[in-house]
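Colleague: task: produce atomic coordinates for the following.
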Amino acid sequence: MPVTLTGTADELKGFGALKILAVGTQSSTEISKKTGSAAEVSPLANGLALTLADGSTSFGGSSSAIMKIVASLAPASGLLGGSDLESAQVDSWVAYGTTNFEVPVSALKVAAAAASASAGKVNEGMVKSIKDDMAYSLSVLNCHVTPDDANYMVGKSVTIADIALACALREAVAEKLWDPSASEEKTVSLSKWYTSILSSDFFVAAIASLASEGSAAVAVAAPTVAVADADSSAGVTLSGIAPPVRNNLYKRNRIRIKEVLKSKNLIGQSITVAGWTRTLRKAGGKLLFIEINDGSCGTSLQCICEATATEGFEDAKKSGGTGSSFQFTGVLSESTSDGQAVELKVTTSKLLGAVYGGDAKFETVGGMLYPMSKKGHTLEHMRENAHLRPRAGLHAAAMRVRHAMAYATHRFFHDHGFLYIHTPIITCADCEGAGEQFGVTTMLGADHTKPGVELAVHKEPEPVEEKKLSKKELKRMAKRAAKGKQEESVKPEEVHVPGSVDYSSDFFAKRGNLTVSGQLNVETHACALSDVYTFGPTFRAENSHTARHLSEFWMIEPEIAFADLEDDINLAEDYLKYCVQYALEMCAEDLEFFENNPYGEEGLRDRLRNVLDSPFQRLTYTEAIKILEEAHANGANFEVKPEWGIDLPSEHERYLCEKVYKKPVVLTNYPKEIKAFYMKLDDDGKTVSAADILVPKIGEIIGGSQREHRKDVLIERCIEMGIDPKQVWWYIDLRKYGTVPHAGFGLGFERLILFVTGLDNIRDVIPFPRWAGNAEF
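Modeller: Purely as a prediction, here's the structure:
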């Protein structure tokens, strides 16, 4: 049972209620809001009242007092301090916030309201006095949080002191008494602390609860919604709010270049950076202009070394140029050059690694033979030097976007309450039934240079003399058959074809393969854990050299129980849109780079925004075929003639979403002959409940279906598709024990990266691409 916070509608949306709700979210105390008279709940109420879960114990008083009571309900949270000394310090800072921020802000509000009612003006002298006092109070707080390890007001974790002061400062910001975004030296550390508290998950959840309408109970401890920031719309967080990541032990001995370029507060300070040289330019022998990049962003930082002012200057001159690695310490200053906001005036240069590309033996320092020299390189050249291509701007940007899409994937499914299931990489099942699998064996031995390796094969079976059964044995067998005890085994029987490889002595005692999909395995968990997904590498021995195929790639495969095809499509559309939105917001610099890069795509971000602007177009496969047939009749130039029953090639898919609808398209209800055995058979007996999502530039990006949950129909489909049901006996078993309607889809992760970056070749969006004839590195 939750505790109940009672007050007027205005009180329940005020900063006093926010303090209490924030304590609730941080301490996992469920709080419901109730609109009503606090005085009726407690005679001591001062606008708000708290009723405990027993329904009879109530408390009134100030919001700070109620906040402290809520914190006391969860002593393990540490919100009141970890010792008597810390508790006293917490109380002191809470009182400081009330006296120096809450009271002045409230007084200013009252004065403004009175002036408005009388058509007068607020006393300017009073306003100035409040601002001056507050400026001093802010400087006091700034001094307290200035040390690098002072992440909180008291101790090493959040307390009610942090919450009370953050809420009070939030009110001061609203009244324009303080601007945390201003680059003021007197409050620079306080601004960082304030931003950190307000962006914490628990505070974000409290703001979401504060904004909720009505008097219905709002569960704050495990909220169903949370927001990205204080003013944005709500989002799903069904798995709860995660604790913040803290750098208790690990701290970089440098500042990432991404933070250097973003933070004006570092100007004038001595900082340390490290990275690899993009360019090195000498000026008269006494001056070096070195641009370094550490991979945190696409932009490099210019570092200036002077012969008379930089320790290590001579080593820097002899580094070999592009590709060498440095650690620089110096003072950051505003740059007077075009195209860069800041530059580092280096006081200490430490050459970490020179470039040995000055001669054919790679023993002389120099950049002449460095494979990733400053000049532009073809994509093929970068693939041939895949171990060095992360230093190229294009591949580095692709890897940052890849990381962002992986994180967005996990975030999306986690916040929707899905469980991440690790499915096996080695399997004996063929999910797609295509047979294009890589075998896994130890029968070839560890020494691949050993000659004369022979594989054991099955021999012709020796004739077995048939044993004549006695009348007693025949009678016993007849009785068993009559009682139904002699059931046929559902598991596959070993079939020994003479001359075929005998895997009985192999590691798994049978033929093992690299998986082509984790779907069948993850379905087993969906039929017990409801909503699950797998995200891992898959392999197909498909001898294809197109720009859309790899032999090793990653698949994202969610499965949802108690769901049909429409649920599956809705999930897929939401997921794809979330990834696009995440890329637009979190990878803006890299997307701009791809948009302006000759290997990228002009108008990339407009295409991605178009994905978000409207619902995906949904139509059946049959309807799509009619559109394509009409287009073909009217002169559309297709290599493959469209007709019902074909597996649509990429040209047809792209025509639908690029020419006809100009947005993503969902095709449903495909002919059963061209889809997998596990897809649910439709009532017409001709089509299956399948859905493919087609997007501009790529074509099919997601393929999904409602799964066939009827045992008899599933067995029939296996037979129709040439699959022995015994080979997937465990998969069919799921239909015997508590079967449920369920659905899922698969998305090729690399195709998602292609779609988001605008690149053309799938080999350029994975660290080490594998295709037929290539497994280097």
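
Colleague: any idea where the strands of the stretch 351-500 of the chain begin and end?
Modeller: Using DSSP state E, counting those that start in this stretch, the strands assigned to the stretch 351-500 of the chain run over residues 419-420, 426-427, 439-440.

Colleague: those strands: which one's closest to residue 531?
Modeller: strand 419-420 (7.1 Å; C-beta to C-beta). C-beta: built from backbone N, CA, C; applies to glycine.

Colleague: next, residue 259: secondary structure please.
Modeller: Recorded secondary structure, residue 259: helix (DSSP: H, G, I helix; E, B strand; the rest coil).

Colleague: can you pull the phi/psi pair for residue 332?
Modeller: phi -80, psi 130 (degrees, to the nearest 10).

Colleague: so what's it bridging to?
Modeller: Taking DSSP bridges, one finds residue 344 as the beta-bridge partners of residue 332.

Colleague: surely it touches residue 271?
Modeller: Yes. Using C-beta atoms under 8 Å, residue 332 is in contact with residue 271, at 5.6 Å.

Colleague: now do the shared contacts for those two.
Modeller: Residues within reach of residue 332 and of residue 271 at once, by C-beta atoms under 8 Å, 6 or more residues apart in numbering, are 260, 344.

Colleague: quick one, what contacts residue 753?
Modeller: With C-beta under 8 Å, 6+ apart, residue 753 has these contacts: 398, 401, 402, 405, 759, 765, 766.

Colleague: helix or strand for it, which one?
Modeller: Assigned by DSSP states H and E, residue 753 belongs to helix 749-757.

Colleague: show me where the stretch 551-700 of the chain has its helices.
Modeller: Secondary structure of the stretch 551-700 of the chain (DSSP state H, counting those that start in this stretch): helices at 565-586, 588-596, 604-613, 621-633, 650-654.

Colleague: so for residue 382, which of the ones you listed sits nearest?
Modeller: helix 588-596 (15.1 Å).

Colleague: contacts for the closest one, please.
Modeller: 297-299, 393, 397, 400-401, 583-584, 600-605, 608, 756-759.

Colleague: out of those, which end up buried?
Modeller: 297-299, 397, 400-401, 583-584, 600-601, 604-605, 608, 756-759 (16 or more other C-beta atoms under 10 Å).

Colleague: dump the residue contacts of the closest residue to residue 301 other than its chain neighbours.
Modeller: Once flanking residues are discounted, residue 301 sits nearest to residue 257: 4.9 Å by C-beta to C-beta, 6 or more residues apart in numbering. Counting by C-beta under 8 Å, 6+ apart, residue 257 touches 273, 275, 292, 293, 294, 296, 297, 299, 300, 301.

Colleague: kindly report the same for residue 326.
Modeller: Residues near residue 326 by C-beta under 8 Å, 6+ apart: 274-277, 290, 292, 303, 316, 319, 349-352.

Colleague: what is the burial count for residue 712?
Modeller: 10 (other C-beta atoms under 10 Å).

Colleague: next one: it, what pLDDT does it get?
Modeller: Looking at residue 712, its pLDDT is 95.

Colleague: the residue with the largest distance to the centre of the chain and residue 478, how far apart?
Modeller: Residue farthest from the centre of the chain, counting by C-alpha atoms, centre = their mean, is residue 471 at 69.9 Å. As judged by C-beta to C-beta, to the nearest Å, residue 471 and residue 478 stand 10 Å apart.

Colleague: do residue 507 as well
Modeller: 43 Å.

Colleague: how about residue 727?
Modeller: Distance from residue 727 to residue 478, counting by C-beta to C-beta: 32 Å.

Colleague: higher neighbour count, those two?
Modeller: Counted by other C-beta under 10 Å, residue 727 and residue 478 do not tie: residue 727 has more neighbours, with 16 against 11.

Colleague: give me the number of residues near residue 543?
Modeller: 11.

Colleague: if you could redo that for residue 285, that was the one I meant.
Modeller: 8.

Colleague: show residues contacting stretch 283-294.
Modeller: Residues contacting stretch 283-294 (C-beta under 8 Å, 6+ apart): 254, 256-257, 273-282, 299-308, 313, 316-317, 326, 328, 396.

Colleague: verify the contact between residue 268 and residue 330 for me.
Modeller: No. Using C-beta under 8 Å, residue 268 is not in contact with residue 330, being 11.6 Å away.

Colleague: same drill for these two, tell me which one is more crowded.
Modeller: Just comparing residue 268 and residue 330: by other C-beta under 10 Å the higher neighbour count belongs to residue 330, 21 against 11.

Colleague: that one: which element?
Modeller: strand 325-334.

Colleague: could you give me the buried positions within that strand?
Modeller: So strand 325-334, judged by 16+ other C-beta under 10 Å, has buried residues 325, 326, 327, 328, 329, 330, 332.

Colleague: for stretch 700-716, same thing?
Modeller: 700, 701, 702, 703, 704, 705, 706, 707, 708, 709, 714, 715.

Colleague: go on, stretch 528-543?
Modeller: 530, 531, 532, 533, 534, 535, 536, 538, 539, 540, 542.

Colleague: so the fourth one: helix, strand or coil?
Modeller: Using three-state DSSP, the three-state assignment for residue 533 comes out as strand.

Colleague: for it, which residues are in contact?
Modeller: Residues counted as contacts of residue 533 (C-beta under 8 Å, 6+ apart) are 413, 418, 419, 420, 421, 522, 556, 557, 558, 559.

Colleague: report the distance from stretch 14-28 to the chain centre.
Modeller: 28 Å (C-alpha atoms, centre = their mean, to the nearest Å).

Colleague: for the record, mean pLDDT for it?
Modeller: Averaging pLDDT along stretch 14-28 gives 90.

Colleague: same check, this time on stretch 666-676
Modeller: Stretch 666-676 shows a mean pLDDT of 96 in the predicted model.

Colleague: for stretch 574-592, same thing?
Modeller: For stretch 574-592, the per-residue pLDDT averages 95.

Colleague: pull that stretch out as CSV, backbone CA atoms only.
Modeller: What follows is stretch 574-592, C-alpha atoms only, in CSV (Å, rounded to 0.1, in the frame of the first residue of the first chain):
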residue,chain,number,x,y,z
ASP,A,574,7.6,2.1,-32.3
TYR,A,575,11.1,0.5,-32.1
LEU,A,576,12.2,1.8,-35.4
LYS,A,577,10.9,5.3,-34.8
TYR,A,578,12.6,5.4,-31.4
CYS,A,579,16.0,4.4,-33.0
VAL,A,580,15.6,7.1,-35.6
GLN,A,581,14.6,9.7,-33.0
TYR,A,582,17.6,8.7,-30.8
ALA,A,583,20.0,9.0,-33.7
LEU,A,584,18.7,12.5,-34.6
GLU,A,585,19.0,13.7,-31.1
MET,A,586,22.1,12.0,-29.8
CYS,A,587,24.2,11.6,-33.0
ALA,A,588,23.5,15.0,-34.6
GLU,A,589,27.1,15.8,-35.3
ASP,A,590,27.8,12.5,-36.9
LEU,A,591,24.6,12.6,-39.0
GLU,A,592,25.6,16.0,-40.3
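
Colleague: list the buried ones in that stretch?
Modeller: Using 16+ other C-beta under 10 Å as the test for burial, stretch 574-592 gives 575-580, 582-584, 586-587, 590-591.

Colleague: then stretch 439-453?
Modeller: residue 440.

Colleague: equivalent analysis for stretch 672-692, please.
Modeller: Here stretch 672-692 shows 672, 675-682, 687-692 as buried, counting by 16+ other C-beta under 10 Å.

Colleague: nearest to residue 210 among those residues?
Modeller: Nearest to residue 210 among the buried residues of stretch 672-692, with distances taken as C-beta to C-beta, is residue 691, at 39.5 Å.

Colleague: pull the contacting residues for the closest one.
Modeller: So residue 691 contacts 565, 568, 569, 572, 666, 667, 668, 703, 704, 705, 745 (C-beta under 8 Å, 6+ apart).

Colleague: look up how far residue 401 lies from it.
Modeller: From residue 691 to residue 401 the distance is 26 Å (C-beta to C-beta).

Colleague: next: residue 342.
Modeller: From residue 342 to residue 401 the distance is 25 Å (C-beta to C-beta).

Colleague: in the stretch 651-777 of the chain, where is pLDDT below threshold?
Modeller: Applying pLDDT under 70 to the stretch 651-777 of the chain flags no residue at all.
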